[in-house]
Each structure stands twice: as structure tokens, then as C-alpha cells.
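Enquirer: I'll drop the sequence and a predicted model, then ask my questions.
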Amino acid sequence: MKIAIAVDSNSGITQREAEELGLHVLPMPFMIDGTVYYEGIDLTSEEFYRKMEEGADITTSQPSPKDVTEVWDRLLEEHDEVVYIPMSSGLSGSCQTALMLAEDYDGRVHVVNNQRISVTQRQSAIDARDLAAKGYAGAGIREILERVKFESTIYITVDTLKYLKKGGRITPAAAALGTLLKIKPVLTIQGEKLDAFSKARTMKQAKTTMLSALAHDLEERLGDKSAEHTYLQIAHTCSQEAAKELEETVRELYPGASVYGASLSLSIGCHIGPGALAVACTRKLKELEERLKQEYSVEMVDKQTKLSAL
């Protein structure tokens with residue numbers, strides 16, 4: 001059975017990355033000063049944040065039913081089934097819309113409602129691809145991904161309260177006081193919503209708070225203190241250098257973990273602005289761990305061989 005894995009661009013996966021990963025990405029629409037742009041098609045992240053800093057009026061939107069079904073129809077011309085992973089149903093109505101649209105596809109389209117977004121949604125898409133390669137059918141992939149939907153967390157700290165205020169997530173008074181006191185809020189996404197988690201007075205304190213929260217989740221929620229069975233992710237909005245430093249710290253803290261860095265999706269960036277940093281974790285699927293162990297062993301042997309040859 002040939003299965004296509006599709007995901008929306010809230011995952012942070014670019015069109016080019018999708019080709020490299022063997023995935024398909026539905027670009028999300030953004031309304032900017034009255035004009036509709038599509039992420040990764042006619043809107044780059046650099047252009048997005050430049051327009052944001054210039055004070056453009058930016059709002060997010062879900063893809064139209066026509067845009068969604070056109071992607072599905074195209075994929076079903078060459079595939080038996082489609083597994084579609086939209087952003088969390090708690091953050092957008094696009095998941096519920098997709099679930100309704102899938103009812104007209106006679107079981108050939110499987111919409112995954114696993115409460116993920118950005119780097120954790122990205123990992124779900126990669127997991128789905130790997131499950132399909134192992135022979136799982138669409139219904140089985142959806143069941144596995146939804147069963148583990150709460151086995152992930154994102155912690156985010158922002159550089160400015162301006163965009164949280166603009167989006168109505170904090171009051172103008174709270175934003176003014178927070179700016180005066182130079183407060184760096186730490187936000188969290190655990191499942192459905194973007195919520196307040198903690199407050200810090202400096203970016204350094206905020207990073208310490210996020211790393212402490214990550215350590216707590218690994219030990220208490222996931223039972224994986226050393227992160228050997230968990231993917232760790234570092235993400236940012238226009239903060240590559242700071243993100244690189246944070247990634248190095250995480251690698252030192254968890255030397256046996258799988259760690260990768262990425263940009264936060266524009267759907268999150270729209271609400272928090274540039275200069276944000278995030279740490280996230282996603283539990284590895286048991287169904288894939290044996291293969292991952294084998295790949296890791298081959299990789300380590302290859303590295304040792306190269307080192308010996310020096």
C-alpha cells in the first residue's frame with residue numbers, strides 16, 4: 001500500500017525540506033495589510049518578520065476547503081491513502097474542517113488530531129512517514145499518533161511583549177508593566193493551547209526556567225530523565241545565534257539525546273514576534289525505536305571509523 005504523508009506549514013517544514021523528507025506540505029495563508037500570502041510560496045520567514053517589525057497588520061487563517069481537497073486529490077492520484085496532520089485542533093479550526101472534509105473520501109484520507117504544532121508537529125510527520133515505510137496503514141498511523149498526542153511539550157520565551165499585547169493574549173496594562181519591569185514571560189504548549197507558564201526578569205533566567213521545566217517533564221511526565229527515548233528540539237524566531245547557544249547547552253546536558261534545531265512556525269511567530277527562543281521534547285515512538293537504535297549504532301560506527309582514519 002502506498003501512503004502519502006501530508007502536513008500543513010504550521011509544522012515549520014518548508015517546501016524544499018518536504019521534498020527532501022518525502023513529505024507534502026500545505027502552505028498556510030496569512031492576511032497581511034489586506035493581501036493574502038502563502039507561507040513558503042510567496043512569503044518567506046524573513047519577509048514575514050520584516051513586515052511585522054514595520055507594523056503591518058497580520059492575521060492568520062486556516063486554508064480553504066478547496067486548497068485542502070486539491071492537495072488530497074492530487075496525492076490520491078498516485079497513492080492509496082493520505083495521512084494528513086494539521087495543527088492542533090485547540091489552536092485552529094483547520095483540524096475540525098479537515099475531519100469533516102475527510103468524510104467524503106471513503107476512508108482513504110486519515111486526519112490526525114494529535115494536538116501538535118511547530119517542531120512537535122514536524123516530528124509527527126516524520127514519524128508518520130517512517131511508520132508508513134514499516135508497512136502501517138493510514139488508520140494504524142493515525143491511531144498511534146493520536147495515542148501519544150500528549151507526550152510532547154514546547155516552552156517558549158519572548159523578547160518583547162508587544163506582539164502578545166497586539167494579539168490580545170495579554171492586556172495593555174500587563175504589557176506596559178511587564179515592559180517596565182523587563183519581564184520575559186515563559187509560555188507553554190502542552191496539548192491544545194498556548195498558555196502562560198512562568199515569568200523571568202532576564203533572558204538568561206527565562207532559559208534556565210525552560211531547561212528546568214524540560215528536565216521535570218522528561219523525568220516526571222515521560223520517565224526518561226536522560227532523554228535517550230525522547231527527541232529534543234530547539235526553536236526560535238529570528239534568533240539563530242541565541243538558538244545555537246541554547247542547542248549547545250542542551251547537548252551538554254543530554255549527551256545521549258537526539259537534538260535538532262529549527263525555526264518556530266510563522267503561526268506561532270505571528271503571536272510572539274521575533275527574538276523568541278523555545279525548547280521542546282517529543283517522545284520517540286516505541287514502534288520505531290528499534291530501527292532508530294540500529295541507525296544510531298551505524299552512525300556511531302561510521303564516526304569512529306572516520307576518527308580512526310585521521
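Expert: Noted; the coordinates are in hand.
Enquirer: pretty sure residue 207 is touching residue 157, no?
Expert: Yes. Using Cβ atoms under 8 Å, residue 207 is in contact with residue 157, at 7.0 Å. To be clear about C-beta, it is placed using only N, CA and C from the backbone, and glycine gets the same treatment.
Enquirer: show the contacting residues for residue 33.
Expert: 51, 56, 57 (Cβ atoms under 8 Å, 6 or more residues apart in numbering).
Enquirer: turn these into JSON lines, columns for pLDDT, distance to residue 198 and neighbour count.
Expert: Shown next, in JSON lines, are the contacts of residue 33 (pLDDT from 0 to 100; distance: Cβ to Cβ, whole Å; neighbours: other Cβ atoms under 10 Å):
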{"residue": "51", "pLDDT": "91", "distance to residue 198": "30", "neighbour count": "17"}
{"residue": "56", "pLDDT": "90", "distance to residue 198": "30", "neighbour count": "15"}
{"residue": "57", "pLDDT": "90", "distance to residue 198": "31", "neighbour count": "11"}
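Enquirer: looking at these, which one is closest to residue 25?
Expert: residue 51 (21.5 Å; Cβ to Cβ).
Enquirer: what number of residues lie near the residue lying closest to the closest one once chain neighbours are set aside?
Expert: Excluding its sequence neighbours, the residue lying closest to residue 51 (Cβ to Cβ, 6 or more residues apart in numbering) is residue 32, at 5.7 Å. The number of residues packed near residue 32 is 17, by other Cβ atoms under 10 Å.
Enquirer: phi, psi of residue 32?
Expert: phi -120, psi 110 (degrees, to the nearest 10).
Enquirer: re earlier: residue 207 and residue 157: which is more packed in?
Expert: residue 157 (24 against 21).
Enquirer: so the more buried one is in contact with residue 203, correct?
Expert: Yes. Counting by Cβ under 8 Å, residue 157 touches residue 203, with 6.8 Å between them.
Enquirer: got any residues that touch both of the two?
Expert: In contact with both residue 157 and residue 203: 184, 277, using Cβ under 8 Å, 6+ apart.
Enquirer: ok so, going back, a markdown table for the contacts of residue 33, including secondary structure and distance to residue 260?
Expert: Shown next, in a markdown table, are the contacts of residue 33 (DSSP: H, G, I helix; E, B strand; the rest coil; distance: Cβ to Cβ, whole Å):
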| residue | secondary structure | distance to residue 260 |
| --- | --- | --- |
| 51 | helix | 28 |
| 56 | coil | 31 |
| 57 | coil | 34 |
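Enquirer: quick check, nearest of these to residue 126?
Expert: Nearest member of the contacts of residue 33 to residue 126, counting by Cβ to Cβ, is residue 51, at 30.1 Å.
Enquirer: so the closest one is in contact with residue 44, correct?
Expert: No. The criterion here is Cβ under 8 Å, and residue 51 misses it with residue 44 at 10.6 Å.
Enquirer: follow-up on the earlier one: what's the overlap in contacts for residue 207 and residue 157?
Expert: Joint contacts of residue 207 and residue 157 (Cβ under 8 Å, 6+ apart) are residue 277.
Enquirer: quick one, what contacts the residue lying closest to residue 155 once chain neighbours are set aside?
Expert: What sits nearest to residue 155 in space, not counting adjacent residues and going by Cβ to Cβ, 6+ apart, is residue 210, at 4.1 Å. With contact set as Cβ under 8 Å, 6+ apart, residue 210 has these partners: 155, 156, 157, 186, 277, 278, 279.
Enquirer: elements contacting the strand or helix carrying residue 188?
Expert: If you go by DSSP states H and E, residue 188 is part of strand 184-189. Judged by 3 or more Cβ pairs under 8 Å, 6 or more residues apart in numbering; DSSP states H and E, the packing partners of strand 184-189 are strand 152-157, strand 194-200, helix 203-216.
Enquirer: now do the last one: distance to the chain's middle.
Expert: This points to helix 203-216. 19 Å (Cα atoms, centre = their mean, to the nearest Å).
Enquirer: over to stretch 100-113?
Expert: 22 Å.
Enquirer: quick check: end-to-end length of that stretch?
Expert: End-to-end distance of stretch 100-113 (Cα to Cα, to the nearest Å): 12 Å.
Enquirer: for residue 114, see how far away residue 121 is.
Expert: 8 Å (Cβ to Cβ, to the nearest Å).
Enquirer: what touches both of the two?
Expert: Joint contacts of residue 121 and residue 114 (Cβ under 8 Å, 6+ apart) are 85, 88.
Enquirer: which one is residue 31 nearest to, not counting chain neighbours?
Expert: residue 59 (4.7 Å).
Enquirer: mind giving me the packing neighbours of the strand or helix carrying the one you found?
Expert: For residue 59, the element it lies in under DSSP H and E is strand 58-60. Packing contacts for strand 58-60, counted by 3+ Cβ pairs under 8 Å, 6+ apart, involve strand 29-32, helix 45-53, helix 266-272.
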